[in-house]
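Colleague: What shape does this take:
(one chain, ligands or ions: 1)
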Amino acid sequence: MEVIIQPNSEAASFLVARIVQRELRANPHLVLGLATGSTMEQVYRHLVRMHREEHLDFSLCRTFNLDEYVGLFPSDPNSYRHYMEHHLFRQVNIDARNTHLPNGLADDLEAECRRYEAAVKRFGGVDLQLLGIGKAGHIGFNEPLSALQSRTRVKALTPTTLAQNARFFGGPEHTPRRAITMGVGTIIEARRCLLLATGASKAKVIADAVEGPITSMVSASALQLHPRCTVVVDEDAAANLKGAEYYRWIFANEPEWEEYRVPGGT
Ligand code: GLP
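Modeller: Numbering: from 1, shown residues only. Model prediction:
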């Protein structure tokens, strides 16, 4: 695992977008794993700008989102399909047929989960998986106690997550209680994982995920098993990291990160 600490959320999200840009330029057929949440909005804003101003081409890329609520129509402003259309898909030249999210309205949710797993495999697996982190330490909707080898399935959301999401739904009683999510095992099969966390509210959970024990209580800690995982944080989210000085040295000195040390762009 590599940890990159940036001065603020703007710089952190820009760095994540630059990594996506580089991977997409290197492989226009990239299978990109996508995440939702307020943290990711800034990344998508940068990608949209890169598309408009720097000709970043999404026409051949395929996307698979981590998760979707059960029971919401794609047109519902709180559905993750709607989020993706609004923040990215409609604003870049991606082919709608190449964008995939689990169908939370399927009659047979179990069959839908199996179909989604199979679709990821059919496209050769995810090349680059974007991740946020929930306050309960979850990636996707892999709530505490999610098996570290879990596959795409329906998860009941914890009170912490319901409370975190309630503001979008106008109160906890309107918040969906279940979601379809890629499993922890599905996520860590991606060739590369890239997690972004910003703000003081993520400081504890980032320290737990990066430096704590691998435990199903913090599903993001499973990323420690991944051979190529980059965690990008701002100063606020890095506040509880014991190894911060070491991580800063690596970013400042290792050749792999040289191009990203220049603030302007690639
Ligand atoms: C939800 C999503 C996660 C996301 C998390 C954090 O739980 N399912 O994928 O990481 O929200 O969201 P935010 O970036 O708004 O803190």
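
Colleague: Hmm, Ile133 is touching Ala209, no?
Modeller: Yes - counting by C-beta atoms under 8 Å, Ile133 touches Ala209, with 6.5 Å between them. (Each C-beta comes from the backbone N, C-alpha and C, glycine too.)

Colleague: Identify the contacts common to the two.
Modeller: Ala220 (C-beta atoms under 8 Å, 6 or more residues apart in numbering).

Colleague: Quick check: Thr161 is in a strand.
Modeller: No - using DSSP: H, G, I helix; E, B strand; the rest coil, the assignment for Thr161 is helix, not a strand.

Colleague: Provide the count of other residues in contact range of it.
Modeller: When neighbours are defined as other C-beta atoms under 10 Å, Thr161 has 21 of them.

Colleague: gap between it and the ligand?
Modeller: Separation of Thr161 from the ligand (C-beta to the nearest ligand atom, to the nearest Å): 6 Å.

Colleague: cool, and His174?
Modeller: Taking C-beta to the nearest ligand atom, one finds His174 at 16 Å from the ligand.

Colleague: And for that residue, nearest residue in space, chain neighbours not counted?
Modeller: Using C-beta to C-beta, 6 or more residues apart in numbering and skipping residues adjacent in sequence, the residue nearest His174 is Ala166, 7.9 Å away.

Colleague: For the stretch 101-250 of the chain, give the residue positioned nearest to the ligand.
Modeller: Residue nearest to the ligand within the stretch 101-250 of the chain: Gly132 (2.6 Å; C-beta to the nearest ligand atom).

Colleague: List the contacts of that residue.
Modeller: Taking C-beta under 8 Å, 6+ apart, we find Gly132 in contact with 35-37, 39-40, 139, 195-197.

Colleague: Tabulate the CA atom coordinates of the least confident helix or strand in the chain by mean pLDDT in CSV.
Modeller: The least trusted helix or strand in the chain, going by mean pLDDT, DSSP states H and E, turns out to be helix 159-169, with a mean of 87. In CSV, the C-alpha atoms belonging to helix 159-169 read as follows (Å, rounded to 0.1, in the frame of the first residue of the first chain):
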residue,chain,number,x,y,z
PRO,A,159,-27.2,2.7,11.4
THR,A,160,-23.9,4.7,10.9
THR,A,161,-24.3,4.5,7.1
LEU,A,162,-28.0,5.2,7.3
ALA,A,163,-27.3,8.3,9.4
GLN,A,164,-24.5,9.4,7.0
ASN,A,165,-26.9,9.1,4.0
ALA,A,166,-30.0,10.4,5.7
ARG,A,167,-29.3,14.0,4.7
PHE,A,168,-29.7,13.1,1.0
PHE,A,169,-33.0,11.4,1.5
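
Colleague: got a list of contacts for it?
Modeller: Applying C-beta under 8 Å, 6+ apart, the set of residues contacting helix 159-169 is 78, 134-136, 138, 141, 143, 157, 172, 174-177.

Colleague: Of the residues you listed, which is the most crowded?
Modeller: Ranking the contacts of helix 159-169 using other C-beta under 10 Å puts His138 first, with 27 neighbours.

Colleague: Once you drop chain neighbours, what's closest to that residue?
Modeller: Distances taken as C-beta to C-beta, 6+ apart put Ser219 closest to His138, at 5.0 Å, once the chain neighbours are dropped.

Colleague: what sits against that neighbour?
Modeller: Neighbours of Ser219 in contact, by C-beta under 8 Å, 6+ apart: 137-140, 142-144, 146, 148, 184.

Colleague: For the nearest residue to Leu109 once chain neighbours are set aside, which residues count as its bridge partners?
Modeller: Excluding the flanking residues, the one nearest Leu109 by C-beta to C-beta, 6+ apart is Val154, at 5.2 Å. Listed by DSSP bridges, the beta-bridge partners for Val154 are Ile180.
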